[in-house]
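Asker: give the three-dimensional model of this entry:
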Amino acid sequence: MPNFARNSRRPESFVDSGRPIGLLSSLKVELSALIAIATAISFVMAWFLLKVGWSGWVAMPLTLAVSLGITYLFSRGLTSPLRQMRDAAEAMADGDYTVRVETGTDSNDEVGQLARSFNDMAEELQHADQMRSDMIANVSHELRTPVSALQAMLENLADGVIEPTPANLDGILKQTYRLSDLIAFLLDLSRMEAGAASLEIESFNFAQFIDETVEPLEIADAGHAHSIEVHVPESITMEGDQDRLRQLFTNIIANALKHSADETTVLIEAHIDEDHGMIVTNVVNFGSQIPKEARSDIFRRFVKGKTGPGTESGGTGLGLSIARWAAHLHGGTVRVVDDPRGADFEIVLPKYHIAL
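Answerer: Here you go, the predicted structure:
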């Protein structure tokens, strides 16, 4: 597991002196109150000093000094969050996104609102920075594994340690397939980040589309003796980008096959929700279940499922994330729903394409 020492530590806070004023809803009102308080104190103090016999040449400068001191004290409290935000912005410019502003976040005026917004922005930047570091570490790991395996196999072949038998060559071929899949996933991921995916919308028969999607998966799965049952009405037609939708269904069905025991069945069934004009497809992996607390996490990037206790699936951890992205491009959703039969991925897509 990569170590993100800088990003995972507790957020650092800039704390300044408390704010004497901050309960009011407007900075203008607070400044007006500050002026009124300072003027009242100055008037009372000047009146008292003159009444007890002090000279005006002494009372007035003293009153002015006290008034300025009160104004400075209150104004410092009003502007302390701004000074904190300046210091925090300088720290963030140096790459430290853990900084937070504390003073002012509990006030109701514009400065308090700005302090809270600043902390929200800092939190988002910290999360984005951690995701970037996470992605770099995971991609490096995912690329290193097949490359190292390929290097070892080819070195053994070159040194004559192993013979170029069909089994050894098949192992090399599998590693190249894994690299190719990872590169394809990363290209899709870059499209997701850039929001640059364009859709080629066409009308097609949904049942035929599912059959064409399942066929290569059945061939690739021949060694595990899974059976795929497809219950999709022949009458369903839909509009969408077949390439993107094939990514969606291929990743969901392949995930179900990967997490099914050998010689078991994966069910694909679909129906039309006439009330909402949606096509609802369920891909059911019989026997296994996904805990409710993990159902949202599995759609995150680089999160891998388990094929057994403490054993990762060995995939890239990108398939389900890309499947959800492809569904969103069509205005649809992908989620795991309760089903006593097993893990049930429900894919809901509009029958007719609506431009997003």
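Asker: lowest-pLDDT helix or strand in the chain?
Answerer: When the helices and strands of the chain are compared on mean pLDDT, DSSP states H and E, helix 5-8 comes out lowest with a mean of 40.
Asker: and F345, its phi and psi?
Answerer: Its backbone dihedrals place F345 at phi -90, psi 120, with angles given as degrees, to the nearest 10.
Asker: which residues pair with the closest residue to it other than its chain neighbours across the strands?
Answerer: Nearest residue to F345 in three dimensions, chain neighbours excluded: V283, at 4.6 Å (Cβ to Cβ, 6 or more residues apart in numbering). Using the backbone N, CA and C atoms, a C-beta is placed for each residue, glycine as well. Assessed by DSSP bridges, V283 has beta-bridge partners I268, F345.
Asker: distance of L199 from F43?
Answerer: 72 Å (Cβ to Cβ, to the nearest Å).
Asker: wait, I meant L182
Answerer: Distance, L182 to F43, using Cβ to Cβ: 77 Å.
Asker: so which of those two has more stuff around it?
Answerer: More neighbours sit around L182 than around the other of L182 and F43, counting by other Cβ atoms under 10 Å; the figures are 18 against 12.
Asker: what's the helix ranked longest in the chain packed up against?
Answerer: Longest helix in the chain by number of residues, with DSSP state H as the criterion: helix 110-158. Judged by 3 or more Cβ pairs under 8 Å, 6 or more residues apart in numbering; DSSP states H and E, helix 110-158 is in contact with helix 5-8, helix 56-93, strand 99-101, helix 166-194.
Asker: hey, which of these is tucked in deepest?
Answerer: Among the helices and strands packed on helix 110-158, the stretch with the highest mean neighbour count (mean count of other Cβ atoms under 10 Å) is strand 99-101, at a mean of 23.
Asker: can you give me the domain assignment for this structure?
Answerer: The chain breaks down into these domains under automatic domain parsing: 5-129, 138-194, 202-350.
Asker: what ranges do the strands span in the stretch 251-356 of the chain?
Answerer: Under the criterion DSSP state E, counting those that start in this stretch, the stretch 251-356 of the chain carries strands at the ranges 265-273, 278-286, 306-308, 311-312, 333-337, 342-350.
Asker: make JSON lines out of those and add mean neighbour count, distance to N205 and mean pLDDT.
Answerer: Rendered in JSON lines, the data for the strands of the stretch 251-356 of the chain read as follows (neighbours: other Cβ atoms under 10 Å; distance: least, Cβ to Cβ, whole Å; pLDDT from 0 to 100):
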{"stretch": "strand 265-273", "mean neighbour count": "18", "distance to N205": "12", "mean pLDDT": "93"}
{"stretch": "strand 278-286", "mean neighbour count": "21", "distance to N205": "12", "mean pLDDT": "93"}
{"stretch": "strand 306-308", "mean neighbour count": "12", "distance to N205": "34", "mean pLDDT": "47"}
{"stretch": "strand 311-312", "mean neighbour count": "11", "distance to N205": "37", "mean pLDDT": "44"}
{"stretch": "strand 333-337", "mean neighbour count": "16", "distance to N205": "22", "mean pLDDT": "92"}
{"stretch": "strand 342-350", "mean neighbour count": "21", "distance to N205": "14", "mean pLDDT": "93"}
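Asker: mean confidence score for the longest helix of the chain?
Answerer: Taken as a whole, helix 110-158 carries a mean pLDDT of 79.
Asker: for stretch 50-67, same thing?
Answerer: The average of the pLDDT scores along stretch 50-67 is 78.
Asker: would you mind extracting the C-alpha trace of it into PDB?
Answerer: These are the backbone C-alpha positions of stretch 50-67, laid out as PDB (Å, rounded to 0.1, in the frame of the first residue of the first chain):
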ATOM      1  CA  LEU A  50     -13.700  67.100  31.900                       C
ATOM      2  CA  LYS A  51     -16.200  66.800  34.700                       C
ATOM      3  CA  VAL A  52     -13.500  65.800  37.200                       C
ATOM      4  CA  GLY A  53     -11.500  68.800  36.300                       C
ATOM      5  CA  TRP A  54      -9.000  67.500  33.800                       C
ATOM      6  CA  SER A  55      -7.700  70.000  31.200                       C
ATOM      7  CA  GLY A  56      -9.100  69.600  27.700                       C
ATOM      8  CA  TRP A  57      -5.500  69.500  26.300                       C
ATOM      9  CA  VAL A  58      -4.900  66.300  28.300                       C
ATOM     10  CA  ALA A  59      -8.400  64.700  28.200                       C
ATOM     11  CA  MET A  60      -8.800  64.900  24.400                       C
ATOM     12  CA  PRO A  61      -5.500  63.300  23.400                       C
ATOM     13  CA  LEU A  62      -6.000  60.600  26.000                       C
ATOM     14  CA  THR A  63      -9.600  60.000  24.800                       C
ATOM     15  CA  LEU A  64      -8.300  59.800  21.200                       C
ATOM     16  CA  ALA A  65      -5.600  57.300  22.200                       C
ATOM     17  CA  VAL A  66      -8.100  55.000  24.000                       C
ATOM     18  CA  SER A  67     -10.500  55.200  21.000                       C
END
